[in-house]
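> Need a 3D model of the following:
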Amino acid sequence: MTEGASQEAELALPPSEVEELMVVLAKGLRAHQLYLPNNPVYQKSLETLQNAFRKIWESTDDLVLDIGESELRWEGHVVYSQPSRNESFTWVFYKDGVRQITFLKGVEEAEIFGVLDVVQRARALQAEDNDDLLTLLWEKDFQLVQYLFQDMVTDGMAALPGETDVHAPTTPANVVRAGVAGEVEAKPGGPVTAVAEEEEESPDQPRRSGIVKTDDFDTTLYFLDDKEVEALKKSVEEEYSQDIRRNVLAMLFDVMELQPYATVRTELISILENFLPYLLGASDFASVAYVVRECRAVIQRARELTPEHKESLSQLPARLSDEQTLSQLLQSLDEAAVHTPAEELGELFGELRPEALPTLFAWLPKINSARVRDVVERSVARLAVQNAATVVTALQAKDPNAVIAAVRIAGKLKLAPAVTALAQAMSHPEPLVRASVVTALAEIATPAAVQALEKGLDDADREVRIASVRVVAQHKSRSALPKITAVVQGKSVRQADLTEKMAFFEAYGALVGEPGVESLDNILNSGGFLKRKEDPETRACAAMALGRIGSQAARTALQQAMQDKEPLVKNAVARALRGDRASSMFRAGEIGT
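You can find the predicted model right below:
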């Protein structure tokens, strides 16, 4: 057996176990830095650290570690090495003079948490802070952690002389001064001249000790020129302009995609789940959209991804479309004093899923910010085009405002699959909803949409009736003629105002054609023996309807009424003979009482 092997056999435990403990300790420090105590990742890492210590105590009661600048040694064996000072926890101890630390059995139960806290606080100390690592260790008053430190004054240099090493000078001061003065006077021209002459006469000879020349201080060796200063400024600006959150997220997704270990991916997904609410709270919507996109990409690209991990990653984007989360987001955006750039909002809302549509429909009428409303409308339009079935479902919502928003989107996008649901919405108890449905059906303008408007011809609301009959007349839907004929020839239209009368008579004239001349002539030229004349408004509307028919029989009936004494009727007849449309004349104010 070799000498090294015999020495290792005498050790209480193999150095590899101490190395493993140091790796777990480094992970525990990182978890203590990144997570709160109630985080599952933090609790898991500390539990692993405690178990690693308990394994050590099975073989020994103490663990003595010698601390170097970048490594830890146990019994002469290197058990931890990290050359980077920013990442090494040994440097935290070494720079403040701690050269040895001892952990006693039982330290993992209570005091190891304090050690992690001290190291984390020591890393964060600034140069102007009064505390140092030794002060923090002293404050904790550890019972199971011992440490030795070296005074920084003597660290790495010779010891300061003591009282016994200091002796008074043996040569009197006046003798020294006289000797120096004699040397100076012995050289003609004074000290400066002498030095200059000496340098000129023998430039290659070695200079006397203590003589200083300005050439020794060439400032170009120690200062930067303008180009170098600008390069440094540019580098600093680039460094500070980096999106640190985005860089961290990119690293997380890179590790998740490249590392096939299930435990690693589970921890990374947990980090993302906790990070997403923070990003929303910080209004970093571009990063939220980035997380959603990368989750989809990892699901497609990552190798050996378990079904559980796929489910977890797919649920992250779904949370953004959840009703409660999305409602809180929209409210905070609408009430925010600082406006988020429209590009970031568009990027965020571009990642919403179809299940977000009902919530967006409900919030559209409530949003006061024009910027936010514009972004939400674009997002709704994108989702609605791709998911017409979701829009149809939203038309059956209980909130009238949400229904109106869904109806308007269906009409604006001309969603033909929504016609059936819109026709059912014509029975909605709210008149505003029914009026919006009429507008939407008119914008869609398919035969089925126009036919669905016939239900609005006998609606209880005046605005719905007028809008419906005008659209029916515009598209010449002859299937609506029976209902319009019943209105024109019935008594209900006599109690309507001029606008509604004009709309129905105009539609009747556009649809009935020559067969309607006789009934309209009877209305226009009514009166006679034992027969009551129709009111002027009704006769004027009949005249305009005859003008829409435009046949010879219609013109004959109009000419017969030219001598009518009512100015309203006479004016309507003249307009009809010239071919003017009644609705356009009425809107221009040319027909009125």
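
> Tell me, how many residues neighbour F504?
26 (other C-beta atoms under 10 Å). Placement of C-beta: from N, CA and C, glycine included.

> Give me the nearest residue to it, chain neighbours excluded.
Leaving aside its sequence neighbours, F504 sits nearest to V487 (C-beta to C-beta, 6 or more residues apart in numbering; 5.1 Å).

> pLDDT score assigned to the one you found?
On pLDDT, V487 comes in at 84.

> elements contacting the one helix or strand it maps to?
Here V487, judged by DSSP states H and E, is contained in helix 481-489. Taking 3 or more C-beta pairs under 8 Å, 6 or more residues apart in numbering; DSSP states H and E as contact, the helices and strands that helix 481-489 lies on are helix 498-512.

> Give me the buried positions along the helix it packs on.
By neighbour count with 16 or more other C-beta atoms under 10 Å, helix 498-512 contains the buried residues 498, 500-512.

> Next secondary structure after it?
helix 517-524.

> pLDDT averaged over that following helix, what's the number?
On average, helix 517-524 scores 85.

> Likewise for stretch 453-473?
Here the average pLDDT along stretch 453-473 is 88.

> on that earlier part again, so who does the residue nearest to F504 touch?
Taking C-beta atoms under 8 Å, 6 or more residues apart in numbering, we find V487 in contact with L457, D458, V493, F504.

> Drop anything exposed from those residues.
Applying 16+ other C-beta under 10 Å to the contacts of V487 flags L457, V493, F504 as buried.

> Please report the distance of the first one from V487.
The reference is to L457. 7 Å (C-beta to C-beta, to the nearest Å).

> Tell me how many other residues surround K565.
Neighbour tally, K565, other C-beta under 10 Å: 7.

> On the pLDDT front, check it for me.
Reported pLDDT for K565: 82.

> which SS class is it?
What DSSP: H, G, I helix; E, B strand; the rest coil gives for K565 is coil.

> so what's the backbone phi/psi at it?
phi -80, psi -10 (degrees, to the nearest 10).

> pLDDT below threshold where in the chain?
1-9, 127-130, 151-223, 337-338, 527-531, 580-593 (pLDDT under 70).

> for A402, helix, strand, or coil?
helix.

> And it, how far from V372?
Counting by C-beta to C-beta - A402 and V372 are separated by 17 Å.

> cool, and A435?
A435 is 26 Å from V372, by C-beta to C-beta.

> before we move on, what about A553?
60 Å.

> I'd like to know how many residues surround Q259.
Q259, neighbours per other C-beta under 10 Å, totals 15.

> I'd assumed V79 was in a helix, is it?
No. V79: not assigned to a helix; according to three-state DSSP it is strand.

> show me where this structure has strands.
Along the chain, the segments classed as strands by DSSP state E run 62-67, 71-74, 77-81, 98-104, 145-149.

> Identify the spatial nearest neighbour of the spatially most central residue of the chain, chain neighbours not counted.
Computing the C-alpha centroid of the chain and ranking residues by C-alpha atoms, centre = their mean puts F285 first, at 1.2 Å. Using C-beta to C-beta, 6+ apart and skipping the chain neighbours, the partner closest in space to F285 is L348 (3.9 Å).

> try I444
K414 (5.1 Å).

> what do you get for K570?
D564 (5.2 Å).

> backbone phi and psi for the one you found, please?
Per-residue torsions, D564: phi -60, psi 140 (degrees, to the nearest 10).

> I figured it hits A572, correct?
No. Under the criterion of C-beta atoms under 8 Å, D564 is not in contact with A572, lying 9.2 Å apart.

> Compare the two (neighbour count), which wins?
More neighbours surround A572 than the other of D564 and A572, with 33 against 21 (other C-beta under 10 Å).

> Just give the nearest non-adjacent residue to that one, would you?
In space, A572 is closest to A540, 3.7 Å off (C-beta to C-beta, 6+ apart).

> For the one you found, grab the count of nearby residues.
The number of residues near A540, taken as other C-beta under 10 Å, comes to 33.

> and it, what is it in contact with?
E566, L568, V569, N571, A572, I591.

> distance of the fourth one from G579?
Distance from N571 to G579, counting by C-beta to C-beta: 15 Å.

> quick one: which of these two has more around it?
N571 (17 against 9).

> What's the separation between G281 and N38?
17 Å.

> ugh, typo on my part, it should be S332
On the measure of C-beta to C-beta, S332 and N38 end up 25 Å apart.

> Can you pick out the residue with more neighbours from these two?
Comparing S332 with N38 by other C-beta under 10 Å, the one with more neighbours is S332, at 13 against 7.

> Name the nearest residue to the more buried one, ignoring sequence neighbours.
S283 is the one closest to S332 (C-beta to C-beta, 6+ apart), at 7.9 Å.

> just A262 next, same as before
A262's closest residue in space is T306 (C-beta to C-beta, 6+ apart), at 6.1 Å.

> still on that earlier bit, can you mark which positions in the helix holding V487 are buried?
L481, K483, I484, T485, V487, V488.

> try stretch 262-276
R265, T266, E267, L268, I269, S270, I271, L272, F275, L276.

> Now go through those and say which are in helices.
R265, T266, E267, L268, I269, S270, I271, L272, F275, L276 (DSSP state H).

> can you tell me which of those lies nearest to L63?
Of all those, L63 sits closest to E267, with 27.3 Å by C-beta to C-beta.
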